[in-house]
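Chemist: structure for the following, please:
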Amino acid sequence: MPFIQVNPLLWLTEVANWCQIDIVAKSEYRLGNAAENEQFLENRIAMSSQVHILNGDALKEMLQHTHIEGPVWVARECLIEGPVKGDGPAAIWNTRAHYLDAHYGNEGETYLEKVVPEFQGMMNTPEGSDINLWFEEDLFCQANLWFCMYLLEGKFDSCQFFWVRPNPTSGWYGFGGMKPQDLPAQLSERIPLPPHTCKKLTEAWTYFQQHDLAALQSTADQLNPPFGQVQEVVKAHVDRFPTDEKWGKPEQLLVQLIEENPQGSFGEIFRAFNQQAGIYGFGDSQVKKMYDRVNPN
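Modeler: Coordinates of the predicted model:
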């Protein structure tokens with residue numbers, strides 16, 4: 001099990017207190033015994049009400065081909081593109097809907113019908129649930145995770161939170177590089193997120209929303225562990241915004257790729273971009289917008 005490398009006694013006490021495990025259960029959770037610890041968590045999964053929050057419909061489809069049970073909600077967002085201003089969820093959702101109307105041909109209504117209800121479903125998670133957060137470590141996924149934790153802040157004391165991460169061998173491809181039969185093992189290796197970590201994820205959303213890059217970097221320092229790549233990811237986010245250069249780092253990379261392959265199609269450039277900048281998690285629509293800015297011809 002990939003348990004977080006901190007003071008083991010403090011970590012055990014915090015997780016036990018947070019999960020409201022009685023003294024008998026605490027005694028069953030043995031430090032240093034990976035096999036018994038894994039069985040302990042598997043038993044908890046079997047006994048608790050499981051809720052799954054996913055970062056995409058592709059993962060939802062994969063999950064449907066497993067025996068994993070429990071309600072599933074999908075974060076159908078791309079919060080690293082467009083404005084995220086708003087005082088409260090409803091205001092943020094309206095900001096997002098207006099942006100989609102303006103830039104994607106009247107998609108705001110679809111957003112309110114297909115995206116917002118998923119977030120509302122998350123917020124209505126019953127008390128006492130285990131909330132499994134299936135998110136990858138790229139910027140796209142992490143920003144969505146931060147927002148979900150902001151929405152779920154009222155559940156920190158009544159629910160238990162776990163991060164379900166893809167197999168590290170998948171790299172930036174994350175769950176997309178895995179098969180449905182791989183997912184139960186990832187769930188069994190979920191990482192507990194105690195309240196102080198949950199609160200830091202919420203803080204990350206606040207600073208991301210406020211575009212307070214220095215505070216976001218400071219918060220990232222406090223999120224490792226368990227999020228081992230979050231500092232690199234936040235640095236990549238900071239690099240999106242130029243200081244004395246015309247373009248941020250992603251646009252600079254696109255300019256370089258176009259110069260190296262001037263006759264290349266957008267598809268070729270997009271694949272080359274993802275090979276070198278998978279840390280962003282950009283989809284083709286986000287890269288196309290940048291591509292058109294740096295290559296107006």
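
Chemist: please count neighbours and contacts with C-alpha atoms only from this point.
Modeler: Fine.

Chemist: tell me which element the nearest residue to residue 221 once chain neighbours are set aside falls in.
Modeler: Take residue 221 and drop its neighbours on the chain: the residue closest to it by Cα to Cα, 6 or more residues apart in numbering is residue 231, 6.2 Å away. In this structure, residue 231 sits in helix 230-238 according to DSSP states H and E.

Chemist: quick one: contacts of that helix?
Modeler: Residues outside helix 230-238 that contact it (Cα atoms under 8 Å, 6 or more residues apart in numbering): 137-139, 213, 216-217, 220-221, 223-224, 279-280.

Chemist: got a ChimeraX select line for the buried ones in these?
Modeler: A single ChimeraX command selects the buried members of these (16 or more other Cα atoms under 10 Å):
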select :137,138,139,213,216,217,220,221,223,279,280
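
Chemist: including secondary structure and distance to residue 273, could the contacts of helix 230-238 go into CSV?
Modeler: Shown next, in CSV, are the contacts of helix 230-238 (DSSP: H, G, I helix; E, B strand; the rest coil; distance: Cα to Cα, whole Å):
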residue, secondary structure, distance to residue 273
137, coil, 18
138, coil, 14
139, helix, 15
213, helix, 24
216, helix, 25
217, helix, 25
220, helix, 25
221, helix, 27
223, coil, 28
224, coil, 27
279, helix, 11
280, helix, 10
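
Chemist: re earlier: which parts of the helix holding residue 231 are buried?
Modeler: 230-234, 236-238.

Chemist: again with stretch 148-162
Modeler: 148-153, 155-156, 158-162.

Chemist: just the strands in the stretch 101-250 of the chain please.
Modeler: 130-134, 160-164, 191-193 (DSSP state E, counting those that start in this stretch).

Chemist: nearest to residue 295, out of these?
Modeler: Among those, strand 130-134 comes nearest to residue 295, with 35.7 Å by Cα to Cα.

Chemist: show me what that closest one is packed up against.
Modeler: strand 50-54, strand 160-164 (3 or more Cα pairs under 8 Å, 6 or more residues apart in numbering; DSSP states H and E).

Chemist: format the ones you listed as a markdown table; extra columns: distance to residue 70 and mean pLDDT.
Modeler: As requested, the helices and strands packed on strand 130-134 are exported to a markdown table (distance: least, Cα to Cα, whole Å; pLDDT from 0 to 100):
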| stretch | distance to residue 70 | mean pLDDT |
| --- | --- | --- |
| strand 50-54 | 5 | 98 |
| strand 160-164 | 14 | 98 |
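
Chemist: how far off centre is the helix holding residue 231?
Modeler: Counting by Cα atoms, centre = their mean, to the nearest Å, helix 230-238 is centred 13 Å from the centre of its parent chain.

Chemist: also stretch 285-297?
Modeler: Worked out by Cα atoms, centre = their mean, stretch 285-297 lies 25 Å from the chain centre.

Chemist: any stretches of this structure with poor pLDDT?
Modeler: Scanning the chain with the threshold set as pLDDT under 70 gives 1-47.

Chemist: now with 80?
Modeler: Low-confidence segments of the chain, defined by pLDDT under 80: 1-48, 245, 297.

Chemist: would JSON lines of the buried residues of stretch 148-162 with distance to residue 77 be doable?
Modeler: Converted to JSON lines, the buried residues of stretch 148-162 look like this (distance: Cα to Cα, whole Å):
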{"residue": "148", "distance to residue 77": "10"}
{"residue": "149", "distance to residue 77": "14"}
{"residue": "150", "distance to residue 77": "14"}
{"residue": "151", "distance to residue 77": "14"}
{"residue": "152", "distance to residue 77": "16"}
{"residue": "153", "distance to residue 77": "19"}
{"residue": "155", "distance to residue 77": "21"}
{"residue": "156", "distance to residue 77": "22"}
{"residue": "158", "distance to residue 77": "26"}
{"residue": "159", "distance to residue 77": "24"}
{"residue": "160", "distance to residue 77": "24"}
{"residue": "161", "distance to residue 77": "21"}
{"residue": "162", "distance to residue 77": "21"}
